[in-house]
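Novice: okay, sequence plus prediction incoming.
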Amino acid sequence: MSFCNVSFKRSVVALICVIVLLIGFAAPVYALPQGNAIKDPKALLRYALPIDNPDVRQLQSSLEDISAQLRANRRWGAVTSDLNRADRILMLKRDKILASVVDDRKSEAEQLIEQLKTGVAELTEVAAAKDKSTTLEKRSALLDKVSDLEATMVSKFPYEVPEEYSNLPQLKGRATIAAKTSKGDLTIVVDGFSAPVTAGNFVDLVQRGFYNGLPFTRAEDSYVLQIGDPPGKEVGFIDPKTGKYRSIPLEILVKGDTVPTYGITLEDAGRYLDPPVLPFSAYGALALARPDVDANGGSSQFFFFLFEPELTPAGANLLDGRYSIFGFVTEGAEVLGQLKAGDTIGSMKVVDGLENFVEPKDA
């Protein structure tokens, strides 16, 4: 049984109809948001960190803008401006950036800032030579360091998960998963800041070796690649301690909210245009599958979203708010694109962030 086949098709068709009606007949107040959706999973993860430092965000934005300028007919002058802005931030805003860093990580952050200064200077020389491929490569490496710098600003998990979910595993932070498939390797980053219960359930199952050897399945439409249906009649994880099906609630953190919304889709909550912190706008988004009739019926089955532009219009993703996204594929997108129904996960292993995993209270 696949949780996603029927629910995905019905959900997408219904939402397309609604959006068509809104575009054709609604007053301007109902117009879809304008702008370009962020398609880079690493950028989405950076913006999802619970930090509040405008200077490091400006640094991030300056470096991210480089790829946009190079797509726009290789506007090297604008690339130089982005790099000059990044350099000024690192020189003039250093103390303000460090002010947000956790005390015991100040030294680490100082080293990262120095590495970023050096890297920006090197990238400026590469950009002057108009070497596009090397520019993009070095920009990506610098943004990874920005991610590391931003991570030093996170002091603790920012909210309490509702007590009613204390019987479920939680991830109070992030974890990185190395997945070996029959077509190659994937690196997955799961985000407990946005979906602690969903991400915690996934990490727990990875630790148990639940997914090892399981085959991939595809939903009826080719934009979803699903896995997690165990052998036998069961369609999810049966906890050996309780002998019961482990149900995971729908869990969606909306931008501007301090805690996720649980147990209800954003549509049913009347929050039609409220954007989730983790949207379906990037190739390789990871989300929990669930029955169409039960928002809280997810368990072990999850799916990778294979980005299709017509399904993810700028600012109005058709699946946002209906499924719990809990991470992204950050490396191995080319492998993900090759996987078909019948291909398998050889193994999954938590390679970073296991210290953020919290066992259930009754474990």
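Specialist: That came through fine.
Novice: so the residue nearest in space to the middle of the chain: helix, strand or coil?
Specialist: Nearest to the mean C-alpha position of the chain, counting by CA atoms, centre = their mean, stands Gly327 at 3.7 Å. Using DSSP: H, G, I helix; E, B strand; the rest coil, the structure places Gly327 in strand.
Novice: what's in contact with stretch 84-94?
Specialist: The list of residues contacting stretch 84-94 from outside it, by CB atoms under 8 Å, 6 or more residues apart in numbering, reads 55, 58-59, 62-63, 97, 113, 116-117, 120-121, 124. Just so you know, the C-beta spots here come from the backbone N, C-alpha and C atoms, and that holds for glycine as well.
Novice: out of these, which end up buried?
Specialist: For the contacts of stretch 84-94, burial is judged from neighbour counts taken by 16 or more other CB atoms under 10 Å, and it is met by 55, 58-59, 62-63, 97, 113, 116, 120, 124.
Novice: show me which of those residues is closest to Ser299.
Specialist: Distance to Ser299, by CB to CB, is smallest for Leu63 among the buried ones among the contacts of stretch 84-94, at 39.3 Å.
Novice: wasn't that closest one part of a helix?
Specialist: Yes. When the secondary structure is assigned by three-state DSSP, Leu63 falls within a helix.
Novice: quick check on Asn84: phi, psi?
Specialist: Dihedral pair for Asn84: phi -60, psi -40, per degrees, to the nearest 10.
Novice: now it: how far from Leu214?
Specialist: Summarising the geometry, the distance separating Asn84 from Leu214, computed by CB to CB, to the nearest Å, is 50 Å.
Novice: of those two, which one has the most company?
Specialist: More neighbours sit around Leu214 than around the other of Asn84 and Leu214, counting by other CB atoms under 10 Å; the figures are 18 against 13.
Novice: dihedrals phi and psi, the more buried one?
Specialist: Recorded main-chain torsions at Leu214 are phi -80, psi 150, according to degrees, to the nearest 10.
Novice: hang on, it packs against Val206?
Specialist: No. Using CB atoms under 8 Å, Leu214 and Val206 do not qualify as a contacting pair, with a distance of 11.7 Å.
Novice: for Thr261, which residues make a bridge with it?
Specialist: Bridge pairing for Thr261 (DSSP bridges) gives the partners Ile252.
Novice: could you check how many residues crowd around it?
Specialist: Residues near Thr261, counting by other CB under 10 Å, number 19.
Novice: one more: the one 4 residues further on?
Specialist: Summarising burial for Thr265: neighbours were counted as other CB under 10 Å, giving 16.
Novice: mind telling me what element it is part of?
Specialist: With the criterion set as DSSP states H and E, no secondary-structure element contains Thr265; it sits in neither a helix nor a strand.
Novice: can you pull the contacts of it?
Specialist: The neighbourhood of Thr265, defined by CB under 8 Å, 6+ apart, consists of 250, 252, 295, 321-322.
Novice: where exactly do the helices run in the stretch 101-250 of the chain?
Specialist: Assigned helices in the stretch 101-250 of the chain, in chain order: 106-128, 132-151, 196-208 (criterion: DSSP state H, counting those that start in this stretch).
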